[in-house]
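1. With the input below, show me the fold.
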Amino acid sequence: MLTLLTVLDVAAANEVDGFRLGMSMQQASQLALEKGYKFSNPIKSGQNWTSYVLFKDGPNVSFCGNVLSSVGRSSDSNLHEFANSLAQWTTSLGEPEVEASQKYASGSPLSTIGYKWLGQDNVRRQISFWQYGSQSPQMSLSYGYIKHPCNEGAR
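-> Numbering: from 1, shown residues only. Next up is the predicted model:
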């Protein structure tokens, strides 16, 4: 939770737990080693896009080729923390785009409300509040490049 609070203080930042957009795979691997995280098996999507979950409570990271192009983290939260965080981000970044959805997986609802800012610095910043079934609500923070070879056409 402390990591989320640190990130919230600098909503305009492009990093989660020290993993900063633009890092090389080698730099991210070294940081993961220092923090005691272990990379999951690679999850390939697209020709040059590879994602990993960092075990031992680390963030999720995605690389376009050798460049860290997206980083995010989810943790248990509550509506009070989310509302406070959203207010801080809105004060810092302006009015966001809002997305809400409800889907069903294995008969249980997955409900999400997300707020997204598309910065002129080519960075997408997103904060989301979501809940699956009766599990604890989660808050997610993520940063990613808007225009990048691996996500052409994506926002």
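2. Please make it C-alpha for all contacts and neighbour counts, starting now.
-> Noted.
3. Next, find the distance separating Ala87 from Ser24.
-> Here Ala87 is placed at a distance of 32 Å from Ser24 (C-alpha to C-alpha, to the nearest Å).
4. More neighbours: which of these two?
-> More crowded of Ala87 and Ser24, by other C-alpha atoms under 10 Å: Ser24, with 17 against 13.
5. okay but the more buried one is in contact with Asn66, surely?
-> Yes. Under the criterion of C-alpha atoms under 8 Å, Ser24 is in contact with Asn66, at a separation of 5.5 Å.
6. need the next SSE after whichever helix in the chain runs longest, C-terminal direction.
-> Using DSSP state H, we find that the single longest helix of the chain is helix 79-93. On the C-terminal side of helix 79-93, the nearest following helix or strand under DSSP states H and E is strand 97-105.
7. downstream neighbour of that next one in the secondary structure list?
-> Following strand 97-105 in sequence order, the next helix or strand is strand 108-118 (DSSP H and E).
8. for the record, mean pLDDT for that following strand?
-> For strand 108-118, the mean pLDDT works out to 97.
9. and Gln27, how many neighbours?
-> As a burial measure, the neighbour count of Gln27 was computed by other C-alpha under 10 Å and equals 16.
10. In terms of helices and strands, where is it?
-> In the assignment (DSSP H and E), Gln27 maps to helix 25-35.
11. Average pLDDT for that helix, rounded please.
-> The model assigns helix 25-35 a mean pLDDT of 96.
12. Pull the residues that contact that helix.
-> Residues outside helix 25-35 that contact it (C-alpha atoms under 8 Å, 6 or more residues apart in numbering) are 18-19, 38-39, 54, 63, 66-68.
13. Could I get the residues you listed in a markdown table, plus columns for pLDDT, distance to Val123 and secondary structure?
-> Putting those into a markdown table (pLDDT from 0 to 100; distance: C-alpha to C-alpha, whole Å; DSSP: H, G, I helix; E, B strand; the rest coil) gives the following:
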| residue | pLDDT | distance to Val123 | secondary structure |
| --- | --- | --- | --- |
| Gly18 | 94 | 17 | coil |
| Phe19 | 96 | 15 | strand |
| Lys38 | 96 | 26 | strand |
| Phe39 | 95 | 24 | strand |
| Leu54 | 96 | 22 | strand |
| Phe63 | 95 | 15 | strand |
| Asn66 | 92 | 18 | coil |
| Val67 | 94 | 14 | strand |
| Leu68 | 95 | 12 | strand |
